[in-house]
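Colleague: Take a look and give me a structure for this.
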Amino acid sequence: MLKEFVSRWPLIRQFQTGADGTGPESMSEHTRNLRPKHQDAQVTPSICPYCGVGCGQLVFHKDNKLISIEGDPKSPISRGHLCPKGADTYELHTHPGRLQKVRYRRPYSREWEDLDQETAMDMIADRVWQSRERTFEETRDGQSLMQTKSIAHLGGATLDNEENYLIKKLFCAGLGMVCISNQARI
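Modeller: Numbers count the residues shown, from 1 in each chain. As a prediction, the model looks like this:
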């Protein structure tokens with residue numbers, strides 16, 4: 001019994017076979033039975049959503065459950081490599097501590113409360129409109145101005161050109177905002 005137990009040790013098998021320890025003689029029963037975490041999963045090619053460079057990602061999913069997100073070796077941009085944010089995409093989506101509700105802290109309050117998304121969006125829209133109405137300048141020195149400097153917009157670099165164009169038109173021409181920028185410039 002002891003001889004059988006000892007003979008299963010990889011080092012003993014290596015001595016017995018004269019192998020270099022990089023083949024099957026170095027594997028335990030547990031190691032031989034290991035399988036990739038995304039075996040039998042479907043894979044969907046995607047693009048990393050963070051900085052806007054366009055690194056390729058492979059999204060592995062099985063039975064409508066996210067299993068893994070990894071760099072795409074076929075991507076001409078990243079060739080399978082991801083930055084720390086891109087490499088952590090899976091955990092950023094699945095971490096149990098991820099907030100999935102809108103959190104709001106009222107003025108002078110020490111407590112956060114959960115809001116439904118509709119209420120939060122209505123509050124934001126009301127505040128934007130009130131700020132615009134309070135600070136909008138139609139004219140200055142007899143010249144037409146049509147602007148407000150009390151509201152700013154900082155867009156995300158993951159937006160495409162079409163979305164940025166619409167944001168610029170809506171906020172500049174529609175609301176009169178002049179403080180519009182994008183994180184890609186910063």
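
Colleague: Show me the helices in this structure, by range?
Modeller: For the chain, the helices defined by DSSP state H cover 2-7, 10-17, 29-32, 84-87, 89-94, 117-135, 161-168.

Colleague: Now mean neighbour count and distance to K65 too, for those helices, in JSON lines please.
Modeller: To be clear about C-beta, it is placed using only N, CA and C from the backbone, and glycine gets the same treatment. Below are the helices of the chain laid out as JSON lines (neighbours: other CB atoms under 10 Å; distance: least, CB to CB, whole Å):
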{"stretch": "helix 2-7", "mean neighbour count": "8", "distance to K65": "39"}
{"stretch": "helix 10-17", "mean neighbour count": "14", "distance to K65": "35"}
{"stretch": "helix 29-32", "mean neighbour count": "8", "distance to K65": "25"}
{"stretch": "helix 84-87", "mean neighbour count": "14", "distance to K65": "20"}
{"stretch": "helix 89-94", "mean neighbour count": "14", "distance to K65": "9"}
{"stretch": "helix 117-135", "mean neighbour count": "12", "distance to K65": "24"}
{"stretch": "helix 161-168", "mean neighbour count": "12", "distance to K65": "30"}
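
Colleague: closest to T148 out of those?
Modeller: When these are compared by CB to CB, helix 117-135 sits nearest T148, at 4.8 Å.

Colleague: Show me what the closest one is packed up against.
Modeller: When contacts are defined as 3 or more CB pairs under 8 Å, 6 or more residues apart in numbering; DSSP states H and E, helix 117-135 packs onto strand 102-104, strand 143-155.

Colleague: Just give me how far the last one sits from the chain centre.
Modeller: Think strand 143-155. Centre-to-centre, strand 143-155 and its host chain are 30 Å apart (CA atoms, centre = their mean, to the nearest Å).

Colleague: same deal with stretch 25-44?
Modeller: Using CA atoms, centre = their mean, the offset of stretch 25-44 from its chain centre is 27 Å.

Colleague: Name the residues of that stretch that come out as buried.
Modeller: For stretch 25-44, burial by neighbour count (16 or more other CB atoms under 10 Å) applies to 25, 38, 41.

Colleague: contacting residues around that stretch?
Modeller: Residues outside stretch 25-44 that contact it (CB atoms under 8 Å, 6 or more residues apart in numbering): 8, 10, 13-14, 17, 19, 24, 58-62, 67-68.

Colleague: Could you rerun that using 6 Å?
Modeller: Stretch 25-44 is contacted by residues 10, 13-14, 17, 19, 58-62, 67-68 when judged by CB atoms under 6 Å, 6 or more residues apart in numbering.

Colleague: between those residues, which is nearest I167?
Modeller: V59 (27.2 Å).
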